[in-house]
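Trainee: Fold the following.
(one chain, ligands or ions: 1)
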Amino acid sequence: MFSIFKAGRPGKPLPEADIDGTYKRLRWQIFAGIFIGYAGYYLVRKNFTLAIPSLVEQGYSRGDLGLALAGVSIAYGISKFLMGAVSDRSNPRYFLPAGLLCSALIMFLFGFSEWATSSIAIMFVLLFLNGWVQGMGWPPCGRTMVHWWSKGERGSIVSVWNVAHNVGGGLIGPLFILGMAWFNDWRSAFYVPAAVAVGVAVFALLTMRDTPQTCGLPPIEKYKNDYPEGYDESHEREFSAREIFVEHVLKNRLLWFIALANVFVYLLRYGVLDWAPTYLQEVKHFTVDKSSWAYFLYEWAGIPGTLLCGWLSDKLFRGNRGATGICFMGLVTVFTALYWLNPPGNPTIDLLCLIAIGFLIYGPVMLIGLHALELVPKKAAGTAAGFTGLFGYLGGSVAASAMVGYTVDHYGWDGGFVLLLGACVLSIALLALTLRKPAGRHAH
Ligand SMILES: O=P(O)(O)OC[C@H](O)CO
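Mentor: Predicted coordinates for the structure are as follows:
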């Protein structure tokens, strides 16, 4: 069924004189494809939340809509892993746009058919399907980055690419405002981002390419003379699904550690983000407007934070992703404690804490994906990153909604913060387990 995405065959080798120019040009072009492509995925991943107030007006409860929305996270976590394995054996040039087009199609259905929002069950199924096709975004980007950028460049390139999701997520609000101004229709929350996503899918199709070898170029390791430890010719062979899952992912002890660490990093990412408006309004007496701004700042502070983290992990920590992650998570712990202990009446300190947490948390989020890419041969990269996503979404994201809510209900916000701080400490402990062996070794 997935043979339409089959990875390409090596092309006729280019003359030596053309290699440098072609590599440089294609790297810019391909980077534009995966950056805009992944930002496009976020346009049609989170937009349902904007339609929730109108659906509530139609008589749906927040709890039921929240349940339908959980379909996205559950399906996304599973799919990022399973579709990651398909992606590792597929041509990203077709794989990424195909998932994005399917996602846009689902959003058009929400936008133009009243049937799509006629019951919670239908919405859950459609959102689950959307979460599934959303899993076709990250892995082809990961596959592209490990094939077109060498190990020494990856911290910087992955961190720059990683801000695509903050950019895409941040554009949903303005697009909705534009849609409402043009069409005066709340369903524009669905069809306007879907229309943009179709344009993005076409752009990705035109700009992305499969591996350098399919374009007649040598492998990136040879071009940059930058070989990861243990590299040999077998790293250029496409693996079978069994080899990817069993040999390179499930038997990889370090990958298990960072996947488990991702549970707690994602618990922090979504635990602070999802509950910020409620906490700030209930405990710190923020107005709705002010708490929405705080939410926005948290997301956008992640952009410079991620870039700094990637740069530091390459330059200061010399590729040691675990140590960089520990350092950032240590600071997240400090600012989360300050955010909790700051008494009501000091809104500037609350805002600064939230900005600091946003600035610091997206670095570890990115580093875990990057570390996963580096812990396996490049032909298994998407599955390895998907494995960490499986834990992050099914464990961390679900716990951030359910466990934090339940804890706050029973033990107050103090209990909620003890849970978040516990997650920080556990993430640091698990990242510490990865320090014994530097990234880049394909240890099993
Ligand atoms: O949560 P995801 O799967 O969209 O990934 C977000 C970042 O790109 C992680 O590196």
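
Trainee: Where does the prediction get shaky in the protein?
Mentor: Regions of the chain meeting the criterion pLDDT under 70 cover residues 1-4, 63, 288-289, 291-292, 437-444.

Trainee: Which one of the residues in it is closest to the ligand?
Mentor: Nearest residue of the chain to the ligand, counting by Cβ to the nearest ligand atom: Gly369, 3.6 Å away. (Each C-beta comes from the backbone N, C-alpha and C, glycine too.)

Trainee: Would you enumerate the residues in contact with that residue?
Mentor: Contacts for Gly369 (Cβ atoms under 8 Å, 6 or more residues apart in numbering) come out as Trp138, Gly142, Val158, Asn162, Ala385, Thr388, Gly389.

Trainee: Just put those residues in CSV and tack on secondary structure and distance to the ligand.
Mentor: As requested, the contacts of Gly369 are exported to CSV (DSSP: H, G, I helix; E, B strand; the rest coil; distance: Cβ to the nearest ligand atom, whole Å):
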residue, secondary structure, distance to the ligand
Trp138, helix, 5
Gly142, helix, 9
Val158, helix, 8
Asn162, helix, 5
Ala385, helix, 8
Thr388, helix, 9
Gly389, helix, 5
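
Trainee: So which of those residues is surrounded by the most neighbours?
Mentor: Taking other Cβ atoms under 10 Å to define a neighbour, the member of the contacts of Gly369 with the most is Ala385, carrying 33 neighbours.

Trainee: biggest separation within the contacts of Gly369, which pair?
Mentor: Between any two of those, the greatest separation by Cβ to Cβ is 14.4 Å, found for Val158 and Gly389.

Trainee: Enumerate the residues of the chain near the ligand.
Mentor: Lys80, Trp138, Asn162, His165, Val365, Met366, Gly369, Gly389 (Cβ under 6 Å from any ligand atom).

Trainee: change it to 8 Å
Mentor: When proximity is defined as Cβ under 8 Å from any ligand atom, the chain approaches the ligand at 38, 41-42, 45, 76, 80, 137-138, 158, 161-162, 164-165, 266, 362, 365-366, 368-370, 385, 389, 392-393.

Trainee: Longest helix of the protein, counting residues only.
Mentor: The single longest helix within the chain, with elements called by DSSP state H, is helix 398-432.

Trainee: helices and strands around the helix or strand harbouring Asn130, which ones?
Mentor: Taking DSSP states H and E as the criterion, Asn130 maps to helix 120-134. With contacts taken as 3 or more Cβ pairs under 8 Å, 6 or more residues apart in numbering; DSSP states H and E, helix 120-134 sits against helix 62-87, helix 92-112.

Trainee: Comparing those helices, which comes out most buried?
Mentor: Mean neighbour count (mean count of other Cβ atoms under 10 Å) peaks for helix 92-112 among these, with a mean of 23.

Trainee: for it, packing partners?
Mentor: In terms of contacts (3+ Cβ pairs under 8 Å, 6+ apart), helix 92-112 is packed against helix 16-43, helix 62-87, helix 120-134, helix 138-148, helix 188-207.

Trainee: Mind doing that once more with 7 Å?
Mentor: Packing partners of helix 92-112 (3 or more Cβ pairs under 7 Å, 6 or more residues apart in numbering; DSSP states H and E): helix 16-43, helix 120-134, helix 138-148, helix 188-207.

Trainee: deepest of those helices, which one?
Mentor: Among those, ranked by average contacts under mean count of other Cβ under 10 Å, first place goes to helix 138-148 (a mean of 27).

Trainee: Which elements pack onto that helix?
Mentor: helix 16-43, helix 62-87, helix 92-112, helix 151-162, helix 381-391.

Trainee: Present those helices as JSON lines; the columns should include distance to Gly170.
Mentor: Formatted as JSON lines, these follow (distance: least, Cβ to Cβ, whole Å):
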{"stretch": "helix 16-43", "distance to Gly170": "9"}
{"stretch": "helix 62-87", "distance to Gly170": "18"}
{"stretch": "helix 92-112", "distance to Gly170": "18"}
{"stretch": "helix 151-162", "distance to Gly170": "14"}
{"stretch": "helix 381-391", "distance to Gly170": "21"}
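
Trainee: Format the contacts of Gly369 as JSON lines; extra columns: distance to Val283.
Mentor: JSON lines is the format used below for those (distance: Cβ to Cβ, whole Å):
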{"residue": "Trp138", "distance to Val283": "35"}
{"residue": "Gly142", "distance to Val283": "39"}
{"residue": "Val158", "distance to Val283": "36"}
{"residue": "Asn162", "distance to Val283": "31"}
{"residue": "Ala385", "distance to Val283": "36"}
{"residue": "Thr388", "distance to Val283": "32"}
{"residue": "Gly389", "distance to Val283": "32"}
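
Trainee: out of those, who's nearest Leu280?
Mentor: Using Cβ to Cβ, those come closest to Leu280 at Asn162, 26.5 Å.

Trainee: Could you find the closest non-adjacent residue to that closest one?
Mentor: Leaving aside its chain neighbours, Asn162 sits nearest to Met366 (4.1 Å; criterion: Cβ to Cβ, 6 or more residues apart in numbering).

Trainee: how far off helix 398-432 does the strand or helix carrying that neighbour point, in degrees?
Mentor: Per DSSP H and E: Met366 is located in helix 347-375. Orientation note: helix 347-375 sits at an angle of 60 degrees relative to helix 398-432 (axes from the mean of the first three to the mean of the last three Cα atoms, to 10 degrees).

Trainee: Report the angle between helix 347-375 and helix 138-148.
Mentor: Relative orientation of helix 347-375 and helix 138-148, computed by the same axes, to 10 degrees: 60 degrees.

Trainee: Who are the contact partners of Ala276?
Mentor: Ser291, Ala294, Tyr295, Tyr298, Leu354 (Cβ atoms under 7 Å, 6 or more residues apart in numbering).

Trainee: Am I right that it falls within a strand?
Mentor: No - counting by DSSP: H, G, I helix; E, B strand; the rest coil, Ala276 is not part of a strand but helix.

Trainee: change the start of the numbering to 535 and stick with it
Mentor: Happy to do that; since the first residue is 535 now, the last one works out to Ala810.

Trainee: circling back to that earlier point, in the longest helix of the chain, which residues are buried?
Mentor: Buried residues in helix 932-966, counted by 16 or more other Cβ atoms under 10 Å: 932-935, 937-939, 941-942, 947, 950-951, 953-955, 957-958, 960-962, 964-965.

Trainee: Thank you, goodbye.
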